[in-house]
Structures are given as structure tokens and as C-alpha cells.
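Asker: any chance you can model this:
(2 chains)
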Protein chains: 2
Amino acid sequence: MAAAIALARRGQARTAPNPNVGCILVREGRVVGRGWTQPGGRPHAEAMALAQAGDATRGATAYTSLEPCAHRSTRGPACTESLIAAGVARVVSAVADPDKRTNGAGFSELRANGIAVDSGLMAQEAKTAMAGWWFRETHGRPFVSLKLATSLDGCIALANGESRWITGEAARAHGHLERARANMVIVGRGTLDADAPRLDVRLPGLEDRSPRKGLLTHGAAPEGWEALASPHAISDLSGVDWILVEGGAATAAAFLRAGLVDRLLLYRAPITIGGGVASLGDLGLDRLDGAHGQWQRSDTRQLGSDTLDIYDRADKGL
Amino acid sequence: MAAAIALARRGQARTAPNPNVGCILVREGRVVGRGWTQPGGRPHAEAMALAQAGDATRGATAYTSLEPCAHRSTRGPACTESLIAAGVARVVSAVADPDKRTNGAGFSELRANGIAVDSGLMAQEAKTAMAGWWFRETHGRPFVSLKLATSLDGCIALANGESRWITGEAARAHGHLERARANMVIVGRGTLDADAPRLDVRLPGLEDRSPRKGLLTHGAAPEGWEALASPHAISDLSGVDWILVEGGAATAAAFLRAGLVDRLLLYRAPITIGGGVASLGDLGLDRLDGAHGQWQRSDTRQLGSDTLDIYDRADKGL
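Answerer: Numbering: from 1, shown residues only, chains lettered A, B, ... in the order given. Below is the predicted model:
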């Protein structure tokens, strides 16, 4: 299942409106097919894995990071039908599909056709891997990551505004990777005016993965940008399951105040700035009690001389 | 040697004006004596280990985190004499004593008496363990740690001044341990007036390890406090090899500007404050270029839900 979920991650931010699913087909202890939802949402992971396995599907076990879909579409057959037709003996899924059109119906149909079904293996990991789609299905909004790149004392720029560069090459490259994993990157008007950021993906081989550009503004957005009047406007975006908010401090604070940040990406360089620009604007906090218990660190890694700490909401919403 | 250095750390901030040294005596593959410099500086580590070994010193190897002293004192015999008299066969030291009264003379005397001598094993680790004394000997000033306890966005208090508590119990207990490892804790006038901190050690069994209290101020210090007119005044303190600066932002910045911070202790709670009090005052930095390359992370650990990152100066001065 861990391998299936790893495959699922390949589709992050590329499969809307479909979930990014991974599938591994195993027969007699050997992997005979690997699949993941393709860009645009089709083929599904199961279809890809079945095609790869060819004649070897008969009697195989399918590990899928999400319940196979039970609803036919004009774009292709239901995965349950395909699995049944291929003679798969067993299906192990991480989690049931919250989509009302499937939601257990996939499992029922498989069982009705003599296929053994198990569900619930690594459910949390699977939901995390498809958090964008999951949030859209269950909360009606995209999954939002907030990136902050700061000094040890939490500054995002010198007092004179200079911010290039606080973090080093490895951290900035990782930031570009996070853009490639998002459907939209959002900044505020101040950042647009000060830095004129391109917000594209400048990683070899991933140049075509640049996300859409959102601007938090009460005014109009320049060409190539989409205006968002408030953080809540992200719920109305079509084809956007994964959002990366890149700042500045006021925009970051606006999303936090709205309760619309699910993950913090804290890139931290081993420098002290002192008296610089703070990373977060006012959050309206007047008691420390209210600040505790909201975040927990889920990962930490060294990127060159910088550190990346990833914090998830304690109440993950998954 | 690692074990000898671990013993040396037991004497941190308790042995001035002597170095905190550790010693392990090994005979036929077994540890027969363990010693570390005792509070006040005597007995020396070697004397303690030799006494513990009793008759087992003959033919043993002594691992010492510092070259054994060659100078007699009114307070006791030189360690070289004691090691020779005890019939030790070999001495392995981490580093030569920079004190002019010994500085290689210990090794020479041991060799002249037929004892095999090696030096240089884990020298950096040994110097780090006795950094306070080492700095006093080689730089004429104490070793200075700066503690910052912040939110994820680098704030040490809410905008309204509330700062109790940002970090949790485990992190605060560790902060008390760091006090026990210092000869003096220093804060600024603002912190004194706002928080009236006791700056004592409230850990069971370590209550008697509370350090002296320094106040960075142009004025007078209240009773129980010692006034420091500037960060450079730390060089004139007697009996102070290890200093812990606990803030606030202006005091922290004053020590950083003076180039008098050797180690950063960054306690970080998983909370966002936003628009709060920054951890560092103005450092007079007008270009980012000048900020890079000064710090490197030497340790990181989880303390409850908080994180402690320790950064050392890239140019350690050791």
C-alpha cells in the first residue's frame, strides 16, 4: 500500500477533478502492474495497472489508495467493472471513496462478484496523499499550504525590504517543487508590487508544471493573474485542489485568520536579521492560550544549510 | 575519550577558574577509575580517577579530555606527578593545555618518565565541552549562549506583551538546565521591568545551581543583580566562564552586534502569533550578503511539542 500511495503522489495537482490514486497489482508475490491517475484524471490508476499487467491480472491482488470507482462515465468504464473483467481475486483499498456515486458501492460490487475486499490499510496516509481532492469532496475547498522562508528570527526581509535571498539554492528548488505540486500559487498585492514574482517552476523537466497565479486583492488582477477578493474565494475556484500561499506577511495572516491554512512549510536559513520584516501580519491574537494546540510538526529535513519544517493542523480535517 | 568528555561536562560552570576535565582509567580492557574536575576546581579529574582506581592504576591507560597539568599549586600536586607516581603506562589526551604553565610540558614530563603519550583524539569535542574555560584562556572572555523562545513566526510575546507561556514545560525545564550550566544569566532592563524574572534553577536536585544574575543597563542594578554597562563588560567578570543571555530582543541584539554570541538556543513552539514582539532588535544589517555563513546547526531535538535547535558560530573560536 505504501508503494501504491507513493504512486498516487505522482498525480498530485494534475488530476482534477479526479482524485490522484495509485494502484499496485501483485500476483504470486510479484508486482505485475503499477498505475496512477494520469494528468487530467484519466486513465484511472487501476486501468493503467491492469493494462500493464496484461494476462497476469487473473488471480492477482490489487492494492489501491482509494476505493475503485463504481460509476460509469462518458470518459471510460468504472474501475470495478474492469477489475472484475480482469479476474482480479482480491482488492485491498486504503479508504472508501467519499464521492456519493461510489462510497461503498465499489466494494459491494466487487464482493458481489466474488472478489475479496479489505479496506482501511494506511487510510490516513492515503488521504494525506490526495488531500486536495479529499478537501474538495469533504470540505468544499482546496487544501492550502502556506510557505514561509525566514531567518532564524522569523524575518522574511531586511528592514529595507531586501529578501533575495534568505534561503539557499536547495531550499528554493524545493519551493519550486512545491509549486509544481500546486494548482495555484497565491501572493498578495504587496508582494506583487515589490517583487514582481514569476511564481513559475524552474526545475529541469518540470517547467510545464507552473501553477496558475492568484492575487489576493480588492482590485483587479494584471494579465495572467486571477484576483481573489478574500481567502474564502478559493472555494469557488474550478480545477484547483491544491493551493500554495507564498506571502507576504499580510496575505499569510489573512489565510491563517480565515482558518484556511492546512499545512505550514517553514524554510529557515541559518542567519539572523534582527529588526526585519516579520513573516506574519496581525492574527488578532490577544491571549497565548488561544494559540496552542493547533499545529504539529509532521516532517523536518535539511536542505543545504537551511531547514524545512512541515507543520500540519492538529485537526487535519482528513 | 567520549566517556571522558561526557564526565567533563558534569563540571560545566562549576570549576572556575579551572577547566572542567574528565578522565577515564582503563586497565586490561576494564574501566578502573572515572573522574571529573570537582566544584571549585579541585580535585582534578585525574586525581579523582586515580583515587578511585586504588591499586589498579599500575599499567593502566588514562584518557583525559585535556593535557594533564604540569604545574604544582598550593591547592594540590600536579597531575603529571600523580600519574607518574601511580605507574600509569599510557596517557591519551584530547588536546594540549593552552595554559602557558603547562602547554606541552605535561606531555613532555610524562614521556620523560617512560609513559606513552598520544594527543588530539576528539579535540574539537573536548574543547566544546570546556568552551567556557577555553574561551577565557584563548579569547579572554566567557563563552556566550543566547536563548530565544519563540513562536513559529519568531515572536517572543504577543503585541500586548504576554509571553507566558510560549514554550511548554519540557522546553522550559531544558531552559532551567541551561541556567544550571551557566555562571551568569543576563537579561536587559526591559525584561527585568516587564517580567521580574527570578532566573533561578527550579529543577529538583539542582536548586543550588542557580547562576549569578547580570543586568545589561547603563544604570544601577537592583540588589542581587550585577550591572553590565555593555556586552563587552563580560570580559571583566571574575569566575564567569559560561554565560546565558535570555533576552529581551534589544539585549539579544546588543550581544549579537558586539559579536559576543557563540551559540544560539532556539526553542520554538508550534504556534503562530503574528504581529507580535520580534525576537531580535536591530542588528544594523543593510545587506543580506553579510548575514550568511555565520551559523550552523549543531543539534536539534524535540522537547514535548516544542523544538530546540542549537546553532554554533561557523567560526567556532575553538
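
Asker: list the contacts for the residue of the stretch 101-250 of chain A found nearest chain B?
Answerer: Nearest residue of the stretch 101-250 of chain A to chain B: A:Gly154, at 1.7 Å (Cβ to the nearest Cβ). Yep, even glycine has a C-beta here, placed from its N, CA and C like the rest. Residues counted as contacts of A:Gly154 (Cβ atoms under 8 Å, 6 or more residues apart in numbering or on different chains) are A:278-279, B:150-155, B:278-279.

Asker: tell me which two of these sit farthest apart.
Answerer: Spatially, the most separated pair among the contacts of A:Gly154 is B:Leu152 and B:Ala278, at 13.4 Å (Cβ to Cβ).

Asker: can you pull the buried residues of the lowest-mean-pLDDT helix or strand in chain A?
Answerer: Taking mean pLDDT, DSSP states H and E as the measure, the helix or strand of chain A with the lowest value is helix A:189-195, at a mean of 90. Using 16 or more other Cβ atoms under 10 Å in any protein chain shown as the test for burial, helix A:189-195 gives A:189-192, A:195.

Asker: same check on stretch A:46-65?
Answerer: For stretch A:46-65, a neighbour-count test (16+ other Cβ under 10 Å) marks A:46-50, A:52-53, A:56-57, A:60-65 as buried.

Asker: now A:Glu178: phi and psi?
Answerer: phi -70, psi -30 (degrees, to the nearest 10).

Asker: got the phi and psi for the nearest residue to it once chain neighbours are set aside?
Answerer: Closest residue in space to A:Glu178, ignoring its immediate chain neighbours: A:Leu244 at 5.6 Å, by Cβ to Cβ, 6 or more residues apart in numbering or on different chains. The phi and psi torsions at A:Leu244 (degrees, to the nearest 10) take the values phi -120, psi 120.

Asker: OK, contacts around A:Leu244?
Answerer: Per Cβ under 8 Å, 6+ apart, neighbours of A:Leu244: A:144-147, A:178-179, A:181-182, A:184-186, A:211.

Asker: about what we covered before: hmm, the least confident helix or strand of chain A touching chain B?
Answerer: No. Judged by Cβ under 8 Å from any Cβ of the partner chain, helix A:189-195 makes no contact with chain B; its nearest approach is 13.9 Å.

Asker: quick one on the thing from earlier: from A:Thr138, how far off is the residue nearest to A:Glu178?
Answerer: According to Cβ to Cβ, to the nearest Å, A:Leu244 and A:Thr138 sit 20 Å apart.

Asker: quick one: average pLDDT of the host helix or strand of A:Ala8?
Answerer: A:Ala8 belongs to helix A:2-9 when assigned by DSSP states H and E. Mean pLDDT, computed over helix A:2-9, is 98.

Asker: starting at the chain centroid, how far to that helix?
Answerer: Here the centre of helix A:2-9 is set off from its chain's centre by 13 Å, with Cα atoms, centre = their mean, to the nearest Å.

Asker: pLDDT (mean, whole number) over the helix or strand that that helix is followed by?
Answerer: As assigned by DSSP H and E, the chain's next helix or strand after helix A:2-9 is strand A:22-27. Averaged across strand A:22-27, the pLDDT comes to 98.

Asker: who touches strand A:22-27?
Answerer: Contacts of strand A:22-27 (Cβ under 8 Å, 6+ apart): A:1, A:3-11, A:31-37, A:44-46, A:48-50, A:52-53, A:56-65, A:88, A:129.

Asker: ok, stretch A:199-208 next?
Answerer: Applying Cβ under 8 Å, 6+ apart, the set of residues contacting stretch A:199-208 is A:173, A:176-177, A:179-180, A:185, A:187, A:209-211, A:213, A:246.

Asker: redo that, cut-off 7 Å
Answerer: A:173, A:176-177, A:179-180, A:185, A:209-210, A:213, A:246 (Cβ atoms under 7 Å, 6 or more residues apart in numbering or on different chains).

Asker: likewise stretch A:65-72?
Answerer: So stretch A:65-72 is in contact with A:4-5, A:8, A:19, A:21-22, A:44, A:46, A:78-80, A:83, A:91, A:93-97, A:101-102, A:105-107, A:109, A:119, A:126, A:129-130, going by Cβ under 7 Å, 6+ apart.

Asker: now, which of those residues lie within helices?
Answerer: Among the contacts of stretch A:65-72, the residues falling in helices (DSSP state H) are A:4-5, A:8, A:46, A:79-80, A:83, A:105-107, A:109, A:126, A:129.

Asker: and the furthest pair within those residues?
Answerer: A:Glu109 and A:Ala129 (24.4 Å).

Asker: neighbour count for those two, which is higher?
Answerer: A:Ala129 (27 against 19; other Cβ atoms under 10 Å in any protein chain shown).
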